[in-house]
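# I'll drop the sequence and a predicted model, then ask my questions.
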Amino acid sequence: MARIDLVDLAHSYGGNDAAPESFALKPISMTWRQGGAYALLGPSGCGKTTLLNLISGIVTPSRGKILFDGVDITLRSTRERNIAQVFSDSPLNVVPIQKRNGNVAYGGGIEVPASGLYAGLADGEYRVGFRAHQLEIANGAVGRHAFPATVTVTEITGSESFVHLHRGESNWVAVLHGVHEFEPGDVLDAVLDPDNVFVFDKADRLVAAPGKAFSSEVDSTSPEENASKQKA
């Protein structure tokens, strides 16, 4: 592949008829040529990940076209594009939740009984963070919460496999022991243990974590800093 052209590319997770201000990626046109070095810079929520997912074929754009060497591949599957995303480090995976009436509703539409660390939360909105080793694949154990997610790329490094997954507006990474050769586009069950996550309130304060009791005064550091402390 010698050239990638983005032509008036834009995307809204709310559908093609969504208001312009609600688009996760505003209309953009650009060309990337072979041998060039390019960087996407911008604040959280400006559309960087959405753009990469559109190019990879994980998400179909609401508007515009994507051309590989002049060929329109906008509607082609990930498998047909021969392109993938490779991450340098495993980030803190995050998913929004809402606790209500004894249940927890995850971002993406799954609602389950509020078990584990969720049981002690007051009703309201939270964010759940989890490291790559806390996200399991196809574990049907009782009490786990499972989510269908799409594989974007699998990195095999020695005795471990890093599986990058996409669900809704979220991108997650799971680490598995051994060699696991999943194909881009495969749909797997990503599984969380509600006793093995980090829960943050709307002010990004850590309010629940594995094996840790909290008082009314909670830590005010960021989710990433708090999760690193817990991991250590």
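Structure received.

# how about the most centrally placed residue in the chain, what does it touch?
The centroid of the chain falls nearest to residue 171 when counting by Cα atoms, centre = their mean (1.5 Å). By Cβ atoms under 8 Å, 6 or more residues apart in numbering, the residues touching residue 171 are 49, 53, 152, 164, 165. C-beta coordinates here come from the backbone N, C-alpha and C atoms, glycine included.

# list the buried ones in the helix or strand where it lies?
Per DSSP states H and E: residue 171 is located in strand 170-177. By neighbour count with 16 or more other Cβ atoms under 10 Å, strand 170-177 contains the buried residues 170, 171, 172, 173, 174, 175, 176.

# any idea which of those residues is the one closest to residue 40?
Nearest to residue 40 among the buried residues of strand 170-177 is residue 171, at 14.1 Å by Cβ to Cβ.

# if I look at the closest one, how far off is residue 111?
Per Cβ to Cβ, to the nearest Å, residue 171 is found 22 Å from residue 111.

# just residue 96 next, same as before
For residue 96, the distance to residue 111 (Cβ to Cβ) stands at 13 Å.

# Repeat that for residue 159.
37 Å.

# Look at the two and report which has more neighbours.
residue 111 (13 against 9; other Cβ atoms under 10 Å).

# so who does that one touch?
Contacts for residue 111 (Cβ under 8 Å, 6+ apart) come out as 103, 104, 105.

# Check the first one and give its pLDDT.
We have a pLDDT of 95 for residue 103.

# Skip the chain neighbours and tell me the closest residue to it.
residue 111 (5.3 Å; Cβ to Cβ, 6 or more residues apart in numbering).

# Now that neighbour. Its backbone dihedrals?
Main-chain torsions, residue 111, degrees, to the nearest 10: phi -120, psi 130.

# bridging residues for it?
Here residue 111 sits in beta bridges with residue 105, as judged by DSSP bridges.

# roughly how far apart are it and residue 147?
For residue 111, the distance to residue 147 - Cβ to Cβ - is 12 Å.

# With residue 128 instead?
12 Å.

# Then residue 174?
According to Cβ to Cβ, residue 174 and residue 147 sit 11 Å apart.

# joint contacts of those two?
Here residue 174 and residue 147 have residue 190 as joint contacts, going by Cβ under 8 Å, 6+ apart.

# Show me the shaky parts of the protein.
1, 44, 86-91, 139-140, 158, 212-232 (pLDDT under 70).

# domain assignment for it?
3-72, 93-231 (automatic domain parsing).

# now the longest one, how far from the chain's geometric center?
Computed by Cα atoms, centre = their mean, to the nearest Å, the chain-centroid distance of domain 93-231 equals 10 Å.
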